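> Could you look at this predicted model? Sequence included:
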Amino acid sequence: MSRERLAALREEVARAVEDGHAPRALLQQLAGQDVMALAEVVVGPRAAPSPLLVSAALEVLPALEEAIAPKALYQRLVALAVETRAEVLTAAAERHPLADWLVPLSRKVEGTAAGTVHLRAVADHPAFERCCQAHAEAGHREGLVATAAALGRPEPAAMLALAGDADGAAEAVVRTLERAPDSAVVAWVGAAWGPGLDPLLARTVQHLRDGATAAALAPWLDGWPRAGGLLAAVRRAL
């Protein structure tokens, strides 16, 4: 495609977003005709920084990925508009759940809550546990705890334990039980942590917020004197 035609396309896209319209029809047309021109218009150095353009681009991702490597593509889409960053990260996670670049991209998009969007997007994917491990190794405690609270899954707590984050694992255990009282999350954490689990379990008690969760935790603390004794004292106050 000629430079003149590309310039005209960029101008057409710029006018559309300035008028408050997402250029979906144009991007769909380019996706079927010229993926390189599509990439130039959407993520090239002169692309219009607009959430409307990014939203339209998310509908032609397969074509865009033919023209540009996914890592560079999603980094550029994130940079083009703050408002659509979470949508871009969700799409990236759904299409490339095990990509190593998703972890730093999550950090860029979510800050201290990194991992939340990625992990919820892959909750039903076989790679969920491996994704939890990647975020735990990156120190993304807040996102993992939030995921445990939202999904009631044991993997976030277990992977925090495997990464050596005792307090993060303890908090995730409690948030998991708040969501899913019958969860075997303590067993998962025990398997990941190994010997010397009592101090970690004692930390779980410090994160309790209600009697129902304390009751769900209690059977798992039988045989752990430090944690069990602390729980008995705390339950009287809940």
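Cool, got the structure.

> Counting neighbours, what do you get for residue 52?
Using other C-beta atoms under 10 Å, residue 52 is surrounded by 21 other residues. No exception for glycine: its C-beta is placed from N, CA and C like everyone else's.

> Sticking with it, tell me its helix or strand.
Assigned by DSSP states H and E, residue 52 falls within helix 51-57.

> I'd like the average pLDDT over that helix.
Per-residue pLDDT over helix 51-57 has a mean of 94.

> ditto for stretch 176-191
The average pLDDT for stretch 176-191 rounds to 98.

> what about that stretch, start to end distance?
Chord length of stretch 176-191, first to last residue, is 16 Å (C-alpha to C-alpha, to the nearest Å).

> Give the buried residues for that stretch.
Neighbour counts over stretch 176-191 (16 or more other C-beta atoms under 10 Å) mark 176, 177, 178, 179, 180, 183, 185, 186, 188, 189, 190 as buried.

> For residue 55, see how far away the fifth one is.
It stands for residue 180. Going from residue 180 to residue 55 by C-beta to C-beta, to the nearest Å gives 34 Å.

> Over to the first one?
Applying C-beta to C-beta, one obtains 34 Å for the distance of residue 176 from residue 55.

> Quick check, central residue of the protein?
residue 118 (2.2 Å; C-alpha atoms, centre = their mean).

> what does the model give that one for pLDDT?
93.

> what's whichever strand or helix holds it packed up against?
Residue 118 is part of helix 116-121, with elements assigned from DSSP H and E. Packing contacts for helix 116-121, counted by 3 or more C-beta pairs under 8 Å, 6 or more residues apart in numbering; DSSP states H and E, involve helix 85-95, helix 102-110, helix 128-137, helix 141-151.

> List the contacts of residue 169.
157, 158, 160, 161, 189, 192, 193, 200 (C-beta atoms under 8 Å, 6 or more residues apart in numbering).

> Closest one of the residues you listed to residue 12?
residue 160 (49.1 Å; C-beta to C-beta).

> Do I have it right that residue 145 meets residue 168?
Yes. Taking C-beta atoms under 8 Å as the definition, residue 145 is a contact partner of residue 168 at 6.5 Å.

> What separation is there between residue 35 and residue 23?
16 Å.

> out of those two, which sits in the more crowded spot?
When residue 35 and residue 23 are compared for neighbours, residue 23 comes out ahead with 25 against 18, by other C-beta under 10 Å.

> check contacts around the more buried one.
Counted by C-beta under 8 Å, 6+ apart, residue 23 has contacts 12, 13, 16, 17, 52, 53, 56.

> Residue 26 now?
9, 12, 13, 16, 41.

> returning to what we had before: mind listing the shared neighbours of residue 145 and residue 168?
What both residue 145 and residue 168 touch, as defined by C-beta under 8 Å, 6+ apart, is the set residue 160.
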